[in-house]
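In: kindly generate the corresponding structure for this input.
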Amino acid sequence: MKLLCWNIRGFGFTGRRRQLIEYLRQEEIDIVGLQETIHQDFSMHELQGLSRHQFAWQWLPSTGQSGGIFLGVREDVFSVEDMDRGEFFLSMSVTDRRVHFSWEVIFVYGPADHARSAGFLAEPKNKVERCTTPVVVAGDFNLISWASDKSSPNVDRVRMRLFNDCIADLALRHEGLGANLGADLRARKGALLDQIKVLDDLDDGQGLCPDGWLRRYALESSLMDIYKSEELFWQRRGGQNWLLKGDANTAYFQAIANGRRRKCAIPFLWDGDVLLESLEDISTHIYSFYKELFSAEPRGGVSLCADFWPLADQVSDAENADLTLPVFPEERMTAPWLRNSVKRLVRYFQLGASAATPLLQCSDRAGRPP
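Out: I've put the predicted structure just below:
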């Protein structure tokens, strides 16, 4: 179900009326309530041009250049059982054609003159108290529930308390920007599950007729819609919590951190046929496993013994110092440098690369010969 509640501030303006028509047609609105229409009467041509669907309409004319309420309910979705009106409200008692659920929708528009606020609140209060079915109250109350709702510091707390007391007395849930949405979904889901259970009990006993099965399918379809709404609600709620609270040391963060810790914990580990349960044994096993995995393998194959080369054939400390002398740029490619380099290479290969490599402590710094 889609409900549109809009303070249109003048139905006669072409741009706003065109925008209303786009909303109704593109979003497939089921219930529409407008406040401050500033309109005395509506012609059949105006009403039929709003939507491609058939609506049941009623309205309150404006008083001068202010006020006016307009209410419409889609007749192929709801059957309208009754209509009511007052000085500040319009209402319709409707029944959902798919699930046969009855409730009443009330649209209000509060006076801009706050001297009349007490009388305004008394009227919808009396109306709600007379209702025998669930109620949805929507509209522009021209009142605030919290001081933060007002942009200026001039807040009439007596009138604000009067409004909140009216909501509390009627046991209404103040929806605001999604408040109590989770509780509302749970209540609707519980009601649908109860109805499905009644039909299942009938099927187990005397059986269900074709109309009963159609009703059950409709209930299941509505239940799936609620499940999708719940999933979307918690997805947004989770993102909101992370956005507002983040990694602050709050109860929410501690719950998330503890949950991750439990999820990543290793309560036990198998080492072959041995079950490791203590934290110390598990840590030791994991440490040893990765130590063996990344450690160097022992050298294999054939190698020369340490005293294979005679001492006279090994590189002396003086020769090693000569081999590692730095070479300056001006000495490169000169005859003495080339001659010394050739002598060093010959000496290197005479000793044998495999035996001389551990003894030669030549570095690869730039500017030194190979």
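In: shaky segments in the stretch 101-250 of the chain?
Out: Where the stretch 101-250 of the chain drops to pLDDT under 70, the residues are 146-152, 171, 173-185, 229-230, 232-250.
In: kindly recompute the last result at 50.
Out: For the stretch 101-250 of the chain, the stretches with pLDDT under 50 are 177-180.
In: ok, which stretches of it are helices?
Out: 117-130, 157-169, 181-204, 210-245 (DSSP state H, counting those that start in this stretch).
In: how close does Asp201 sit to Pro153?
Out: 59 Å (C-beta to C-beta, to the nearest Å). (C-beta placed from N, C-alpha, C; glycine too.)
In: residues contacting Cys5?
Out: Counting by C-beta atoms under 8 Å, 6 or more residues apart in numbering, Cys5 touches Gly33, Gln35, Phe107, Ala138, Gly139.
In: wait, a strand at it?
Out: Yes - under DSSP: H, G, I helix; E, B strand; the rest coil, Cys5 sits within a strand.
In: give me the pLDDT for it.
Out: Among the per-residue scores, Cys5 shows a pLDDT of 91.
In: identify the bridge partners of it.
Out: Gly33 (DSSP bridges).
In: so how far is Phe120 from it?
Out: Taken as C-beta to C-beta, the span from Cys5 to Phe120 is 17 Å.
In: hmm, back to that, for the helices of the stretch 101-250 of the chain, which one ends up most surrounded?
Out: Burial of the helices of the stretch 101-250 of the chain is given as mean neighbour count (mean count of other C-beta atoms under 10 Å); helix 117-130 ranks first at a mean of 16.
In: let me know the angle separating that one from helix 157-169.
Out: 0 degrees (axes from the mean of the first three to the mean of the last three C-alpha atoms, to 10 degrees).
In: tell me how far helix 117-130 lies from the chain's centre.
Out: 38 Å (C-alpha atoms, centre = their mean, to the nearest Å).
In: stretch 80-94 now?
Out: Using C-alpha atoms, centre = their mean, the offset of stretch 80-94 from its chain centre is 37 Å.
In: same check on stretch 305-324?
Out: Counting by C-alpha atoms, centre = their mean, stretch 305-324 comes out at 72 Å from the chain centroid.
In: then stretch 317-325?
Out: Worked out by C-alpha atoms, centre = their mean, stretch 317-325 lies 70 Å from the chain centre.
In: any idea how far the residue nearest to Ala138 when sequence neighbours are not counted lies from Asn142?
Out: Nearest residue to Ala138, sequence neighbours excluded (C-beta to C-beta, 6 or more residues apart in numbering): Cys5, at 4.5 Å. Taking C-beta to C-beta as the measure, Cys5 falls 14 Å from Asn142.
In: Val198 too?
Out: 43 Å.
In: Val108 now?
Out: Taken as C-beta to C-beta, the span from Val108 to Asn142 is 10 Å.
In: of these two, which one has the most company?
Out: Val108 (23 against 19; other C-beta atoms under 10 Å).
In: which residues touch the closest residue to that one other than its chain neighbours?
Out: Spatial nearest neighbour of Val108, excluding adjacent residues (C-beta to C-beta, 6+ apart): Gly139 at 3.9 Å. With contact taken as C-beta under 8 Å, 6+ apart, Gly139 is in contact with Cys5, Gly33, Gln35, Ile69, Phe89, Ile106, Phe107, Val108, Tyr109, Gly110.
In: among these, which are located in strands?
Out: Cys5, Gly33, Gln35, Ile69, Phe89, Ile106, Phe107, Val108, Tyr109 (DSSP state E).
In: and the closest residue in space to Val136 that isn't next to it in sequence, how many neighbours?
Out: Once flanking residues are discounted, Val136 sits nearest to Val105: 5.0 Å by C-beta to C-beta, 6+ apart. For Val105, the neighbour count with other C-beta under 10 Å is 21.
In: next: Asn7.
Out: Based on other C-beta under 10 Å, the number of other residues close to Asn7 is 14.
In: use 202 as the first number from now on
Out: Done: numbering now begins at 202, and the last item shifts to Asn208.
In: so how far is Trp510 from it?
Out: In terms of C-beta to C-beta, Asn208 sits 100 Å off from Trp510.
In: kindly report the same for Tyr491.
Out: According to C-beta to C-beta, Tyr491 stands 40 Å off from Trp510.
In: and the one helix or strand Asn459 maps to, what's its mean pLDDT?
Out: If you go by DSSP states H and E, Asn459 is part of helix 452-465. For helix 452-465, the mean pLDDT works out to 76.
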